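*Asks:* sequence first, then the predicted structure, then my questions.
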Amino acid sequence: PSRATRDDRGVLTLGGIPATELRDRFGTPLWVLDEDEVRAQARRARSAFEVAAAAHGVAARVYYAGKAFLSIEVARWVTEEGLALDVCTGGELAVALAAGVDPARLGFHGNNKSELELRAALDAGVGTIVIDSFVEIERLAALTSGRAAPARVMVRVNSGVHAETHDFLATAHEDQKFGFTLTDAVAAAARIREVPGLELVGLHGHIGSQIFGTAGFVESAARLVDLHAALSADAPLPLLNLGGGFGIAYTAADDPTPIEDLARGIVDAVAAECAARGIPMPDLAFEPGRSIVGRAGVTLYSVGTTKPVTLDEGLTRLYVSVDGGMSDNARPALYGAQYSVRIASRASDADPALVRVVGKHCESGDIVVDADHLPGDVAPGDLLAVPATGAYCFSLASTYNYVPRPPVVALRGGEARVIVRGETVDDLLARDAGYTGAARALL
Ligand code: LLP
């Protein structure tokens with residue numbers, strides 16, 4: 001994390017606070033989110049896209065993709081920094097509304113929004129609904145009939161671009177569930193334009209996540225502008241949303257393109273494509289999630305056991321078990337994601353050892369950090385910090401093996417405070433019809 005340093009005792013400090021102090025106050029595992037950093041990244045993304053768009057005389061709106069990390073506080077931080085907010089379920093919508101976010105600044109996504117979710121979105125007055133199927137068009141036609149103002153909708157387009165990322169993170173190749181193909185999108189737009197309760201405001205595309213280069217975005221933008229040009233021949237189409245997916249560095253091996261360069265590259269490409277077709281450039285929208293919160297998060301764990309395992313090649317790998325695992329970070333198990341680790345509680349001169357940081361779950365794929373080096377004297381009781389865990393860790397968390405989910409602590413101006421409390425054993429058992437309260441005494 002950009003704001004991590006060591007104090008004169010060798011203790012890692014986060015946002016000016018010693019990690020050991022955070023451990024002593026809040027326990028481990030602990031999700032730490034640097035509010036100042038989230039706000040700074042939100043401002044940075046907004047300015048990158050606004051500046052790039054302004055160079056062509058159009059506006060750009062930046063939505064924070066709430067799926068990366070959404071809580072009431074986080075929704076407030078990003079909207080206070082001038083971002084809009086993208087939600088993709090009724091649950092995320094509820095968080096946004098509970099945070100007091102102006103519904104007009106919400107975008108609502110999802111390939112299978114229920115009637116209940118759509119009605120809630122319409123009642124709340126969300127700014128745009130991104131339509132993902134013909135079924136959804138008819139669902140919305142029924143739900144909007146008789147309403148005073150038409151609902152502003154966009155068509156989610158699968159541009160067919162293969163993003164260079166993990167298969168599960170690529171969302172615009174042909175054989176997956178999101179969006180309309182380029183051909184179907186034409187029919188979808190035509191049908192939407194027939195429905196009195198719907199106002200088609202533009203197209204939406206998103207090619208995937210954790211993408212480092214500009215090429216995929218530019219190619220997708222070209223295909224979307226093509227469609228945009230065809231559809232705006234019939235009636236104006238004021239908006240084009242190109243989604244999110246801007247990658248971040250998880251380890252030193254990662255080298256993502258800075259957001260300013262990505263923004264300029266993508267926006268300039270849209271401008272060139274529009275100019276080539278002789279059409280006015282639409283206003284643009286983007287939806288970064290990971291790049292806003294990813295590097296602002298650090299997870300703190302306590303070491304419980306260590307175990308050297310001799311590998312075939314005569315190498316030794318030190319397995320370091322911590323008090324969390326795949327329940328607070330599913331990404332290594334799901335995507336083979338790589339992270340780094342360091343000892344947060346002390347400095348050490350010991351020779352580096354090859355380590356694998358593993359969790360406490362009953363599963364050998366329960367890996368937190370697949371391969372990194374730690375001082376060879378790493379031992380039970382040490383505090384470990386795993387950086388870049390702000391995105392898709394809290395939001396993907398589970399209670400597998402009845403391991404309670406950790407609290408989230410936010411850092412701001414040298415102060416730490418709990419923004420989501422940790423789960424208790426009572427929370428874990430609360431929905432069990434047979435629970436009598438007896439488990440409380442055990443832990
Ligand atoms: N917009 C849409 C329509 C999306 O589907 C997504 C991510 C985003 C924006 C934000 O993408 P970002 O800027 O955060 O890359 N769980 C996976 C990531 C799944 C992303 C899903 N959609 C992971 O942990 O890597």
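*Replies:* Structure's in. What do you need?

*Asks:* which residues does whatever residue of the stretch 51-200 of the chain ends up closest to the ligand contact?
*Replies:* At 3.4 Å from the ligand, residue 65 is the closest residue in the stretch 51-200 of the chain, using Cβ to the nearest ligand atom. C-beta here means a position set from N, CA and C on the backbone, and glycine is covered the same way. Going by Cβ atoms under 8 Å, 6 or more residues apart in numbering, residue 65 touches 86, 244, 287, 288, 289, 290.

*Asks:* need the three-state assignment for the residue of the stretch 301-443 of the chain found nearest the ligand.
*Replies:* Relative to the ligand, the nearest point of the stretch 301-443 of the chain is residue 392 (3.1 Å; Cβ to the nearest ligand atom). Going by DSSP: H, G, I helix; E, B strand; the rest coil, the secondary structure assigned to residue 392 is coil.

*Asks:* surely it and residue 331 touch.
*Replies:* Yes. Counting by Cβ atoms under 8 Å, residue 392 does reach residue 331; the two are 6.1 Å apart.

*Asks:* and the stretch 151-300 of the chain, which residues reach the ligand?
*Replies:* 169, 171, 206, 209-210, 243-246, 287-291 (Cβ under 6 Å from any ligand atom).

*Asks:* run the last query once more with 8 Å
*Replies:* Contact residues (Cβ under 8 Å from any ligand atom) of the stretch 151-300 of the chain with the ligand: 156, 166, 168-169, 171, 178, 204, 206, 208-211, 243-247, 287-292, 294.

*Asks:* once you drop chain neighbours, what's closest to residue 274?
*Replies:* In space, and not counting its chain neighbours, residue 274 is closest to residue 281: 4.4 Å by Cβ to Cβ, 6 or more residues apart in numbering.

*Asks:* need the nearest residue in space to the residue nearest the centre of the chain, chain neighbours excluded.
*Replies:* By Cα atoms, centre = their mean, the mean C-alpha position of the chain lies nearest to residue 68, the distance being 2.0 Å. Once flanking residues are discounted, residue 68 sits nearest to residue 289: 3.1 Å by Cβ to Cβ, 6+ apart.

*Asks:* count the neighbours of the one you found for me.
*Replies:* 23 (other Cβ atoms under 10 Å).

*Asks:* does it touch residue 391 like I think?
*Replies:* Yes. Counting by Cβ under 8 Å, residue 391 is a contact partner of residue 289 at 6.3 Å.

*Asks:* joint contacts of the two?
*Replies:* Counting by Cβ under 8 Å, 6+ apart, the residues touching both residue 289 and residue 391 are 68, 69.

*Asks:* what's the pLDDT at the residue in the chain sticking out farthest from the centre?
*Replies:* Distance from the C-alpha centroid of the chain peaks at residue 314, with 39.8 Å (Cα atoms, centre = their mean). At residue 314, the model reports a pLDDT of 85.

*Asks:* how about residue 273, nearest residue that isn't a chain neighbour?
*Replies:* Once flanking residues are discounted, residue 273 sits nearest to residue 225: 3.9 Å by Cβ to Cβ, 6+ apart.
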